[in-house]
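Novice: With the sequence up front, the predicted model follows.
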Amino acid sequence: QIGYNITSSSNCDEEEASLLLATTPTNKNTYGSTIPTTATPSSTLPPSLPPLIIQRPFGTNPTMCKIVILRGVIGGFGFCNYYYTLSTLPLGDATTLLSLYPIVTIFLARVVLGEEIKSLYIVAALASIVGAALISRPSFLFGSEEHEENGDDDGGVKLGYITALIGSFCASGVIVLIRKAGKVGAHTLQLLFSWTVFGVSFSLLLGHLLQQNQWRVPTRDELPAILGVCISGSIAHFLLNYAGKLVPATLAGLLRSSDIFWAYLIEIFVLMEHPKKATWWGVALVCSSLAMVLLASNEKSRNALKSLKSFGSVGNLTAVK
């Protein structure tokens with residue numbers, strides 16, 4: 001009777017009920033059936049507690065370990081591509097090419113996670129990419145005297161365009177893997193630990209192989225900027241990994257692509273720089289894409305709330321019967 005009440009309750013889904021019954025010790029009654037008891041073994045941790053981060057930093061089961069490690073490998077490799085792209089290409093070219101990942105995320109989330117492809121999300125992603133192009137004004141679309149003087153025959157520049165595309169695909173893979181890790185119960189700190197381990201490993205390996213610059217201690221003038229990057233980057237990655245587990249990957253990719261909008265707000269109000277007219281059109285497109293995403297998510301939330309209310313009504317009717 002207790003097991004029936006658990007599985008039929010509207011406030012407890014089938015997975016929670018099965019987990020509760022599986023971890024609850026039982027005693028046999030006089031009829032030979034099992035009755036759950038209230039005693040809990042000391043070796044069994046409640047499912048609501050966080051996993052043991054120190055003992056198992058990559059996951060508590062084989063499936064979780066594979067996802068967390070893959071997230072670290074793709075994230076660390078993508079981070080190196082991201083840095084190389086920004087260090088070799090003009091800023092506008094790099095920003096535009098690295099902003100292609102929302103489109104890739106839409107289709108990758110469909111294949112890996114089975115998420116629905118909404119036409120509104122595709123329109124929002126395209127608007128975001130066009131807005132990023134208008135804001136950053138890449139040289140391959142708008143031309144640049146500086147870029148023409150430097151020339152396009154440099155092998156490092158050509159490699160930069162390749163790493164930009166690879167970095168965009170890696171960003172899509174990271175967002176999808178974070179969402180998948182959230183579904184299997186991975187902790188945010190496990191995702192951050194994996195990214196840190198493989199990010200540092202790839203950086204040391206590539207830095208040794210390329211040998212473009214020698215390692216040195218930062219100067220006093222460089223330290224504030226480096227510390228600022230470390231602090232803001234750590235907060236940003238924590239929020240990305242935490243939020244990415246909770247929302248659909250398609251939505252996370254679209255919201256993540258708004259970083260160029262915030263960058264230009266800082267440029268206007270902090271650095272006191274005045275952008276061109278095309279930049280304002282780009283900002284308008286990015287804002288419109290965010291508005292479309294928010295409208296779509298609000299509609300989905302309202303539909304989910306209606307379904308929850310109807311499910312609760314059915315549960316109450318069943319309880320009355």
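Specialist: Looks like it arrived, so ask away.
Novice: what about Ala296, how many residues close to it?
Specialist: For Ala296, the neighbour count with other C-beta atoms under 10 Å is 18. Bear in mind the C-beta positions are built from the backbone N, C-alpha and C, glycine included.
Novice: distance of it from Ile129?
Specialist: 18 Å (C-beta to C-beta, to the nearest Å).
Novice: How about the contacts made by the residue lying closest to Val157 once chain neighbours are set aside?
Specialist: Of all residues not flanking Val157 in the chain, Thr88 sits nearest, at 5.8 Å (C-beta to C-beta, 6 or more residues apart in numbering). For Thr88, the contacting residues are 156-157, 159-160, 163, by C-beta atoms under 8 Å, 6 or more residues apart in numbering.
Novice: Over to Leu191?
Specialist: Per C-beta under 8 Å, 6+ apart, neighbours of Leu191: 68, 71-72, 178, 181, 241.
Novice: now do 6 Å
Specialist: Leu191 is in contact with 71, 181, 241, counting by C-beta atoms under 6 Å, 6 or more residues apart in numbering.
Novice: Could you list which residues are in contact with the last one?
Specialist: Asn241 makes contact with 178, 188, 191-192, according to C-beta under 6 Å, 6+ apart.
Novice: same thing but 8 Å
Specialist: Contacts of Asn241 (C-beta under 8 Å, 6+ apart): 178, 188, 191-192, 195.
Novice: out of the residues you listed, which are inside helices?
Specialist: 178, 188, 191-192, 195 (DSSP state H).
Novice: Show me how to select, in PyMOL, the buried members of the contacts of Asn241.
Specialist: Selecting only the buried entries of the contacts of Asn241 in PyMOL, with 16 or more other C-beta atoms under 10 Å as the criterion:
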select buried, resi 178+188+191+192+195
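Novice: Any stretches of the stretch 101-250 of the chain with poor pLDDT?
Specialist: Along the stretch 101-250 of the chain, segments meeting pLDDT under 70 span 140, 143-155, 211-213.
Novice: Now Gly199: closest residue in space that isn't a chain neighbour?
Specialist: Gly76 (3.8 Å).
Novice: my read is Gly72 is in a helix, agree?
Specialist: Yes: membership of Gly72 in a helix is supported by DSSP: H, G, I helix; E, B strand; the rest coil.
Novice: quick one: the closest residue to it other than its chain neighbours and Tyr242, what's the gap?
Specialist: Closest residue in space to Gly72, ignoring its immediate chain neighbours: Ser194 at 3.0 Å, by C-beta to C-beta, 6+ apart. Per C-beta to C-beta, Ser194 is found 14 Å from Tyr242.
Novice: swap in Ala181?
Specialist: Relative to Tyr242, and taking C-beta to C-beta, Ala181 is found at 11 Å.
Novice: Have a look at these two and say which one is more surrounded.
Specialist: The neighbour count for Ala181 versus Tyr242, taken as other C-beta under 10 Å, is higher for Ala181 (26 against 16).
Novice: SS state for that one?
Specialist: helix.
Novice: residues contacting it?
Specialist: 64, 67-68, 71, 190-191, 245.
Novice: Work out for me the element the closest residue to it other than its chain neighbours sits within.
Specialist: Excluding the flanking residues, the one nearest Ala181 by C-beta to C-beta, 6+ apart is Ile67, at 4.8 Å. If you go by DSSP states H and E, Ile67 is part of helix 62-88.
Novice: And the following helix or strand past that helix, what does it pack against?
Specialist: Downstream of helix 62-88, the next assigned helix or strand under DSSP H and E is helix 91-98. Counting contacts by 3 or more C-beta pairs under 8 Å, 6 or more residues apart in numbering; DSSP states H and E, helix 91-98 packs against helix 62-88, helix 119-136, helix 139-142, helix 155-183.
Novice: can you rerun that using 10 Å?
Specialist: Under the contact definition 3 or more C-beta pairs under 10 Å, 6 or more residues apart in numbering; DSSP states H and E, helix 91-98 sits against helix 62-88, helix 119-136, helix 139-142, helix 155-183, helix 259-269.
Novice: what number of residues lie near Gly228?
Specialist: 10.
Novice: rewinding a little: my read is that the residue nearest to Ala181 contacts Val174, right?
Specialist: No: in this structure Ile67 lies outside contact range of Val174 using C-beta atoms under 10 Å: 11.4 Å.
Novice: So those two - more neighbours on which side?
Specialist: Val174 (30 against 23).
Novice: which residues touch the more buried one?
Specialist: 70-72, 74-79, 101, 105, 191, 195, 240-241, 244, 249, 252-253, 256 (C-beta atoms under 10 Å, 6 or more residues apart in numbering).
Novice: Then Ser99?
Specialist: Contacts of Ser99 by C-beta under 10 Å, 6+ apart are 125, 128-133, 135-136, 164, 168, 171, 256-257, 259-260, 286.
Novice: And Val283, by the same measure?
Specialist: 131, 134-135, 260-261, 264-265, 268, 275.
Novice: Now render those residues as CSV, adding neighbour count.
Specialist: Formatted as CSV, those follow (neighbours: other C-beta atoms under 10 Å):
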residue, neighbour count
Gly131, 26
Leu134, 24
Ile135, 26
Ile260, 21
Phe261, 20
Tyr264, 20
Leu265, 11
Ile268, 13
Pro275, 15
